[in-house]
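Q: Pasting the sequence and the predicted coordinates here, then a few questions.
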Amino acid sequence: MNAFMRKFHDLKLARKLWLSFAFVSLLTLITFALLSSTFIRNMIVEREGGVIQQQIDSYTGSLDNYLQSIEKSSQVLIYSQRIQERFKGNLNELDGEERIRAYNDVYSQIREMWDNVYGLEGIYLVDRYKNVFNTNVSLSMTPGYLTSEDFVNQGWYELAQKSGGAPYWSFLKWRGEESSVVLFKAVYNKNDLSLLGYLVVVISPQIFDKFLSSSNLSEGASSVADANGFLYSTGGAKDGITQSLDLRQLTGPKGYTIQTYEGDSYLVAYIQYPLTNWVFIHAIKLDLLLKDLTRVNSLWILFLSLSLLLMIIVSGLISRTISMPIRKMVKLIREVERGNLGAKFQAHYQDEFGLLGRAYNHMLDTIREGVPLMREKFFRSLLERSLTDEQRKDFEQRLGFALEKGPFQVALLYLHGPPAEEDAERAETLLSRYEARCPVLSTSVSLNQFCLIFNSPEESVLPLLDELLLELRGALSLNAYAFVGNAYDHIDFIKTSYEEARTLMKYAVRERMSEEAILYRTEDSLQTQYPESFENRLIFYIDERDYEQCEAVMSELRDYAKTNHLAPSIMTTFLVAMYHYLYKQALKYGNVNERAVREVFHNLDSRLSAEPLEKSFRDFLLLLHEHLGAAPQKSQMRSPNIMKSLEMIHSEYGLSRLSVDYVARQLGLTANYFSNLFKKEMGVGFVEYVGGVRLEEAKRNLIETNHKIKEIADRVGFEDPHYFGIWFKDNTGLSPSQYRKMMVAARA
């Protein structure tokens, strides 16, 4: 296959187009031919299936009149006065003339039915004393056989009784392969509905052939299936499709289906006859029905051949039209290779080849004029705000880009080092890739500085710069920083944004460049003044054991840090100092938990730098509350209800049902009263306190056990491990697995 594709790709364009057009045309015509042939076939099958059903319906309509006449005659026979009276007793027990008269009465009634209905093979009346009265023209069924144990055990009389006085029709086989149509009917007393005997009427199945001959079902084979699944083939057929039908496919009162026999497909139409519960079936070979379709297919083949020939001729002309301009372009490119930059493509039309020719001509102009110099000139003009609209449009046309409407934003990329020349070239290559996929222009200001002009919304610029810095530091191992000016709506403010970025790079926190990659923005320049007044106030209130005032100072400091863009390093230094002060206070009062101290102070600096400010403040306040609560001089007695609730929390924190409502019910209090009481005595809310207990227990399990995250989540009252992971990260800044790895590595 690969060799064939290689040969195909090596062909001239004209031949490839010619083969492609021819192949697609052939595939289209074949698909259309197959679909249309299938549609016609289905249409013929549907039409013929409906016609055969109508013919079967007509055929069964005539048969219905005949079978109903037998049913009416049988009703007259069994409910006649003579039969009803004589069958009340045993006729064989009568004496002399009375017995003769009784037999004559019964036989006269049987002969009367015999004379009224044609096509019968025999009529048999069997009383409950196993006396059989009959008249027949064939020896297919004998009176003794009808009362034999073998025949009775076949259940025909029982089926007649279950029919509730209605006739039960079926096919029976007698000698060899001979079959008869038999009507079984129970004879009941008209007065008390007691069982008097049974009527058995035997009809020759050849009667079906007579009715069939009057129908239009001349082709194919007909058969009848009774309620027991017995198949009788009309017309004398004893084998073939009529004896191999799958009756399970014949569902519903009428319909048709396709069945296969010995490799041939047959259309099988059927109608269920409600009087006898039989299914009348007619099967015909599909080849007979679709003989006209064969001629249609022959015409399709002829049409297909002629259409394909026409398509080949047309595709040859089209491929020649397409390939000629490309041949001309190849000749011009070879002229350029020889050093001739004066040859131009004459574009006569506005199609793709005309666009290709104009692009080729533009490429020659670019080569002649020098793109790098033109690009540098364009950048300088933008940054100096010395560019007119006409000059800008001319530059955009020559350089192949267009500056859309604002916003415009400038970023200066600074490589701390400075880098080697080859590293600077690698950085330029990376920036070129970003230009190809993003609305940004870049140029080199110096060996270690690049200027980037973004022409996109500000919210998309910062993620792009983060990605660029990550790639410069990761893949290229360059110590990169970005300084971003503000975004403006007009192109003339590109200079303003550039000046802002330069000022930020010059006066921002340059001493921190060697520590971490940071993206600096003009609007969020960081202040580095230490919040000494806040520290003094907080220490004072800690000494005073006033938690509420401590909480107020921390809240005020949080707002101040956000409003004044206080540097994260300053906040980290402040919190580390406060943690150390709390530790000194704990040593002073002698309530130091060494394990808790190790957990708090382990990697404290790096952990505070990584955590959100809100999270760091919340953790410090929790620790502060525990410290103030543990101090002996401020200890206080808690109410019995709160003591009991604390016992429940520390013993049942692993239950997901643990809530304010649950504990309040256990204590016999209202949820609102208990919540306020807990807050008043403990200083923190119930949910916050339970969360702290669960968090500490989760941390302990992660550090001291090898349990899976799912098991730990269940142990601390979380049914959903995914939600547990989110909650843990919100409270620690790390996922459970990250926290475990960090603590294991620290202990090692």
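A: Yep, that arrived. Numbers count the residues shown, from 1 in each chain.
Q: host element of residue 725?
A: For residue 725, the element it lies in under DSSP states H and E is helix 721-732.
Q: elements contacting that helix?
A: helix 613-630, helix 686-704, helix 709-715, helix 736-747 (3 or more CB pairs under 8 Å, 6 or more residues apart in numbering; DSSP states H and E). Where C-beta positions appear, they are placed from N, C-alpha and C, glycine not excepted.
Q: out of those helices, nearest to residue 421?
A: Across the helices and strands packed on helix 721-732, residue 421 has its closest neighbour in helix 736-747 (39.0 Å, CB to CB).
Q: So which other helices or strands are in contact with the closest one?
A: helix 686-704, helix 709-715, helix 721-732.
Q: Work out the gap between the last one and the centre of the chain.
A: Pointing back at helix 721-732 there. The chain centre lies 28 Å from the centre of helix 721-732; the measure is CA atoms, centre = their mean, to the nearest Å.
Q: can you tell me which residues contact the nearest residue to residue 92 once chain neighbours are set aside?
A: Distances taken as CB to CB, 6 or more residues apart in numbering put residue 131 closest to residue 92, at 5.9 Å, once the chain neighbours are dropped. Counting by CB atoms under 8 Å, 6 or more residues apart in numbering, residue 131 makes contact with 90-92.
Q: any idea how far residue 131 lies from residue 95?
A: When distance is defined by CB to CB, to the nearest Å, residue 131 is 15 Å away from residue 95.
Q: likewise residue 197?
A: 22 Å.
Q: now swap in residue 445 and tell me
A: 141 Å.
Q: where does the residue nearest to residue 92 fall, phi/psi-wise?
A: Torsion angles at residue 131 (phi, psi; degrees, to the nearest 10) stand at phi -90, psi 140.
Q: before we move on, what about residue 706?
A: Torsion angles, degrees, to the nearest 10, at residue 706: phi -110, psi 20.
Q: That one - how many residues pack around it?
A: For residue 706, the tally of surrounding residues (other CB atoms under 10 Å) stands at 8.
Q: list the contacts for residue 181?
A: Per CB under 8 Å, 6+ apart, neighbours of residue 181: 169-171, 202-205, 207.
Q: that older thread, okay, and which of the contacts of residue 131 map to helices?
A: Among the contacts of residue 131, no member falls in helices (DSSP state H).
Q: about what we covered before: how close does the residue nearest to residue 92 sit to residue 88?
A: Distance of residue 131 to residue 88, computed by CB to CB: 13 Å.
Q: out of residue 445 and residue 95, which sits in the busier spot?
A: The neighbour count for residue 445 versus residue 95, taken as other CB under 10 Å, is higher for residue 445 (16 against 7).
Q: Find the nearest non-adjacent residue to that one, please.
A: Leaving aside its chain neighbours, residue 445 sits nearest to residue 451 (5.1 Å; criterion: CB to CB, 6+ apart).
Q: for the record, mean pLDDT for the helix or strand containing residue 375?
A: Assigned by DSSP H and E, residue 375 belongs to helix 371-384. Helix 371-384 carries an average pLDDT of 74.
Q: residues of it that come out buried?
A: Buried residues in helix 371-384, counted by 16 or more other CB atoms under 10 Å: 375, 378-379, 382-383.
Q: Redo those residues as a markdown table? Include distance to residue 109.
A: A markdown table is the format used below for the buried residues of helix 371-384 (distance: CB to CB, whole Å):
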| residue | distance to residue 109 |
| --- | --- |
| 375 | 120 |
| 378 | 121 |
| 379 | 122 |
| 382 | 121 |
| 383 | 125 |
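Q: that's a helix at residue 283, yeah?
A: No. Under DSSP: H, G, I helix; E, B strand; the rest coil, residue 283 sits outside any helix and is assigned strand.
Q: got the CA positions of stretch 73-85 in CSV?
A: The C-alpha trace of stretch 73-85 is given here as CSV (Å, rounded to 0.1, in the frame of the first residue of the first chain):
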residue,chain,number,x,y,z
SER,A,73,-74.4,-27.1,10.4
SER,A,74,-72.5,-28.6,13.4
GLN,A,75,-74.4,-26.2,15.7
VAL,A,76,-77.7,-27.4,14.2
LEU,A,77,-76.6,-31.0,14.7
ILE,A,78,-75.5,-31.0,18.3
TYR,A,79,-78.3,-28.8,19.6
SER,A,80,-81.1,-30.6,17.7
GLN,A,81,-83.9,-32.0,20.0
ARG,A,82,-83.2,-35.6,19.0
ILE,A,83,-79.4,-35.5,19.7
GLN,A,84,-80.0,-33.6,23.0
GLU,A,85,-82.6,-36.2,24.2
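Q: Right, I'll leave it there.
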